[in-house]
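S.K.: When you get a sec, could you give me coordinates for this:
(chains A and B)
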Number of protein chains: 2
Amino acid sequence: MRFVEKLLNISRKHHSLVCVGLDTDRERLPPHLLEESDPIFAFNQKIIDATSDLVCAYKPNLAFYEAYGSEGWNALKKTCEYIPETIPIILDAKRGDIGNTAKLYARALFEKLKGDAVTVNPYMGKDALLPFLEYEDRCTFVLCLTSNQGALDFQLSQVDGRPLYEMVIEKVLSWNQKNNCGLVVGATFPERLKRIRGMAPFLPLLIPGVGAQGGDIASVVKFGTDKNGELAIINSSRSILYASSEKDFAQAARNQTVKLRDLINLYRKR
Amino acid sequence: MRFVEKLLNISRKHHSLVCVGLDTDRERLPPHLLEESDPIFAFNQKIIDATSDLVCAYKPNLAFYEAYGSEGWNALKKTCEYIPETIPIILDAKRGDIGNTAKLYARALFEKLKGDAVTVNPYMGKDALLPFLEYEDRCTFVLCLTSNQGALDFQLSQVDGRPLYEMVIEKVLSWNQKNNCGLVVGATFPERLKRIRGMAPFLPLLIPGVGAQGGDIASVVKFGTDKNGELAIINSSRSILYASSEKDFAQAARNQTVKLRDLINLYRKR
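M.R.: Got it, this is the predicted structure:
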């Protein structure tokens, strides 16, 4: 099944645009979990159990696993295997390298970890992305306009009369021969999100930056969804994962996810 | 010891600007190594033994290890530990993510793997690089102008009258408060390399793209080195690693490294 189909299926079934970012930081785990043999996986397992009927996707960020070396890699692999088959996994890796190297990253992310989608960095251009795009049933989300302060450094620079990130969108649209591209657009620029959705009406948008990073949900939903109120994947990580640092963390994460899902649905076109 | 000092020490001792890229591809290993319990590490060990008196740095590209999951990660860790203390390790990871995530990548690369230097991607701007720059004695090489075809897509776009990669150089110079930045500049654009060295006379330049990718060595050396004929790290991977696919691969790699070192030295200012 192609990524967008899988996404729409689960998003409709769960009536949800929420993606839970599995940015699991060992230092922020509830203390009682540290006794487990694999605390990171134990935490993820409980978060997944508590939220898997509420989300349209999970998005582990690889940095959080790499920080623990081969142990972290194993925790990530087990997590990916644990996520129910019907829910897309977006591996947030932001990779980008020359062709023969990109091929290996694509293999690691799509084959070893069995991700349904990945995030990639556009700076090195088309040949750095092609090996990902060859996986027809997966989705490659290209960084476009990110939610951090540093987005101002290059992404908003004017190139031939439009910001660099719009040039990225134009290129991605031209590379989208197999209909398997998406864009990463931070929730922190709602006005720009509107124009981005206008330029790419049919691409799935991965939108991080609500919650801890403070993006405004009403505008994100209004401007980020497509004409059917779909195809926006709204990610929240820290405010869900660390809603409580006690034994009730999974229930607290569930409550937070319900809240976010319902708030988003309040603003969705129907 | 700071990175540049470590680099100059070994570069002078070995009279070499050669960096061997440890892009070890399991599929290209000499067949007899496949019987080893960790073929990738066994290969690296022999390559290091055969070249460690000839180089100024080693540069493993993380993709080649990630492609083998936790097993690959272990091979990389063992390789980093095996490289002699006096030779800088440049971890070619091309990472770039928002601040709290970048901090974890920095920790993985500088602390877990004990890299002396890393490569990072500038697209997400300053706050994505700051966590790396906080490691004062290490070096952060920022992608500037890469050696692949895709460099044309964005890096050469005109931003306020100069190409985007020149804007990257200006920013990197302004972020270089701790004198621990470098630039990645492909060997495939010698004319541009000249101007880049002019803009950044004191930065170490990591120059991939000679050998398999076909960069012209005379111009790379002439334009890429500083006024003393130093501070250029000229990387070759495939043409050294796979000089032979037989039992003599290590000797063949050595011969190839000697050849490259001597060819480079022929063109160096003295």
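S.K.: who in the stretch 101-250 of chain A is up against chain B?
M.R.: A:101-102, A:104-105, A:107-108, A:112-113, A:121-129, A:143, A:146-155, A:157-160, A:164, A:167-168, A:171 (C-beta under 8 Å from any C-beta of the partner chain). Backbone N, C-alpha and C define where each C-beta goes, glycine included.
S.K.: Which of those residues are buried, as a ChimeraX select command?
M.R.: To isolate the buried members of these in ChimeraX, using 16 or more other C-beta atoms under 10 Å in any protein chain shown:
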select /A:101,102,104,105,107,108,112,113,121,122,123,124,125,126,127,128,129,143,146,147,148,150,151,153,154,155,157,159,164,167,168,171
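S.K.: The residues of the stretch 101-250 of chain A next to chain B in strands, which ones?
M.R.: Counting by DSSP state E, those place A:143, A:158, A:159 in strands.
S.K.: does the nearest residue to the first one once chain neighbours are set aside count as helix, strand or coil?
M.R.: Of all residues beyond its chain neighbours, the one nearest residue A:143 is residue A:184 (4.9 Å), with distances taken as C-beta to C-beta, 6 or more residues apart in numbering or on different chains. On the three-state scheme (DSSP: H, G, I helix; E, B strand; the rest coil), residue A:184 is labelled strand.
S.K.: hmm, back to that, among the residues of the stretch 101-250 of chain A next to chain B, which are located in helices?
M.R.: The helices in this structure, assigned by DSSP state H, contain A:101, A:102, A:104, A:105, A:126, A:127, A:128, A:129, A:164, A:167, A:168, A:171 from these.
S.K.: how far is stretch A:187-206 from where the chain is centred?
M.R.: How far stretch A:187-206 lies from its chain's middle: 15 Å, per C-alpha atoms, centre = their mean, to the nearest Å.
S.K.: Could you list the buried residues of that stretch?
M.R.: Of all the residues in stretch A:187-206, those buried under the rule 16+ other C-beta under 10 Å are A:187-190, A:192-193, A:196-197, A:200, A:203-206.
S.K.: And for stretch A:40-58?
M.R.: A:40-48, A:50-52, A:54-58.
S.K.: Please enumerate the strands of chain A.
M.R.: Under DSSP E, chain A gives strands at A:18-22, A:57-60, A:90-95, A:117-120, A:139-145, A:158-159, A:162-163, A:181-185, A:205-207, A:232-236.
S.K.: State the phi and psi torsions of the closest residue to chain B within the stretch 151-270 of chain A.
M.R.: Distances between the stretch 151-270 of chain A and chain B by C-beta to the nearest C-beta are smallest at residue A:153, namely 3.3 Å. Dihedral pair for residue A:153: phi -60, psi -50, per degrees, to the nearest 10.
S.K.: one step back: filter the buried residues of stretch A:187-206 down to the ones in helices?
M.R.: A:190, A:192, A:193, A:196, A:197.
S.K.: Double-check the first one against residue A:210; I have them as touching.
M.R.: So that's residue A:190. No. The criterion here is C-beta atoms under 8 Å, and residue A:190 misses it with residue A:210 at 10.7 Å.
S.K.: so what's in contact with the two at the same time?
M.R.: residue A:220 (C-beta atoms under 8 Å, 6 or more residues apart in numbering or on different chains).
S.K.: before we move on, back to that, can you redo the strands of chain A as TSV with mean pLDDT?
M.R.: Shown next, in TSV, are the strands of chain A (pLDDT from 0 to 100):
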stretch	mean pLDDT
strand A:18-22	98
strand A:57-60	98
strand A:90-95	97
strand A:117-120	98
strand A:139-145	98
strand A:158-159	96
strand A:162-163	96
strand A:181-185	98
strand A:205-207	98
strand A:232-236	97
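S.K.: Can I get these in TSV including distance to residue B:65?
M.R.: Formatted as TSV, the strands of chain A follow (distance: least, C-beta to C-beta, whole Å):
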stretch	distance to residue B:65
strand A:18-22	22
strand A:57-60	19
strand A:90-95	13
strand A:117-120	17
strand A:139-145	22
strand A:158-159	35
strand A:162-163	36
strand A:181-185	25
strand A:205-207	27
strand A:232-236	28
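S.K.: can you pull the contacts of residue A:163?
M.R.: So residue A:163 contacts A:155, A:156, A:157 (C-beta under 8 Å, 6+ apart).
S.K.: Equivalent analysis for residue A:154, please.
M.R.: A:164, B:122, B:123, B:125, B:164, B:167, B:168, B:171.
S.K.: Name the nearest of those relative to residue A:87.
M.R.: Of all the contacts of residue A:154, residue B:123 has the smallest distance to residue A:87: 28.7 Å, by C-beta to C-beta.
S.K.: so where is chain A shaky, pLDDT-wise?
M.R.: Applying pLDDT under 70 to chain A flags residues A:212-215, A:270.
S.K.: center of chain A - which residue?
M.R.: residue A:59 (4.8 Å; C-alpha atoms, centre = their mean).
S.K.: how much space between the residue nearest to that one when sequence neighbours are not counted and residue B:31?
M.R.: Excluding its sequence neighbours, the residue lying closest to residue A:59 (C-beta to C-beta, 6+ apart) is residue A:90, at 4.2 Å. Going from residue A:90 to residue B:31 by C-beta to C-beta, to the nearest Å gives 38 Å.
S.K.: got it, and residue A:254?
M.R.: 53 Å.
S.K.: Over to residue A:5?
M.R.: Distance from residue A:5 to residue B:31, by C-beta to C-beta: 43 Å.
S.K.: same question, residue A:155
M.R.: Residue A:155 is 47 Å from residue B:31, by C-beta to C-beta.
S.K.: One more: residue A:89?
M.R.: Residue A:89 is 36 Å from residue B:31, where distance means C-beta to C-beta.
S.K.: out of these two, which sits in the more crowded spot?
M.R.: residue A:89 (20 against 10; other C-beta atoms under 10 Å in any protein chain shown).
S.K.: mind listing what the more buried one touches?
M.R.: A:57, A:58, A:59, A:60, A:80, A:83, A:113, A:114, A:115, A:116, A:117.
S.K.: List just the nearest of these to residue A:235.
M.R.: residue A:59 (5.5 Å).
S.K.: ok, that closest one touching residue A:20?
M.R.: Yes. With contact defined as C-beta under 8 Å, residue A:59 counts as touching residue A:20 (7.2 Å).
S.K.: overlap in contacts of the two?
M.R.: Joint contacts of residue A:59 and residue A:20 (C-beta under 8 Å, 6+ apart) are A:235, A:237.
S.K.: sorry, back to before: residue B:67: which of the ones in helices among the residues of the stretch 101-250 of chain A next to chain B is nearest?
M.R.: Distances from residue B:67 to these, taken by C-beta to C-beta, are shortest for residue A:104, at 4.2 Å.
S.K.: quick one: the closest one and residue B:66 touch, right?
M.R.: Yes. If you go by C-beta under 8 Å, residue A:104 and residue B:66 touch, sitting 7.1 Å apart.
S.K.: sorry, back to before: and of the ones in helices among the residues of the stretch 101-250 of chain A next to chain B, the nearest to residue A:25?
M.R.: Nearest member of those to residue A:25, counting by C-beta to C-beta, is residue A:105, at 23.4 Å.
S.K.: if we can go back for a sec, nearest to residue B:137, out of the strands of chain A?
M.R.: Closest among the strands of chain A, once you apply C-beta to C-beta, is strand A:90-95, at 25.9 Å.
S.K.: What helices and strands are in contact with the closest one?
M.R.: strand A:57-60, helix A:99-106, strand A:117-120, strand A:139-145 (3 or more C-beta pairs under 8 Å, 6 or more residues apart in numbering or on different chains; DSSP states H and E).
S.K.: Now render those as CSV, adding distance to residue B:259.
M.R.: Formatted as CSV, the helices and strands packed on strand A:90-95 follow (distance: least, C-beta to C-beta, whole Å):
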stretch, distance to residue B:259
strand A:57-60, 44
helix A:99-106, 23
strand A:117-120, 36
strand A:139-145, 39
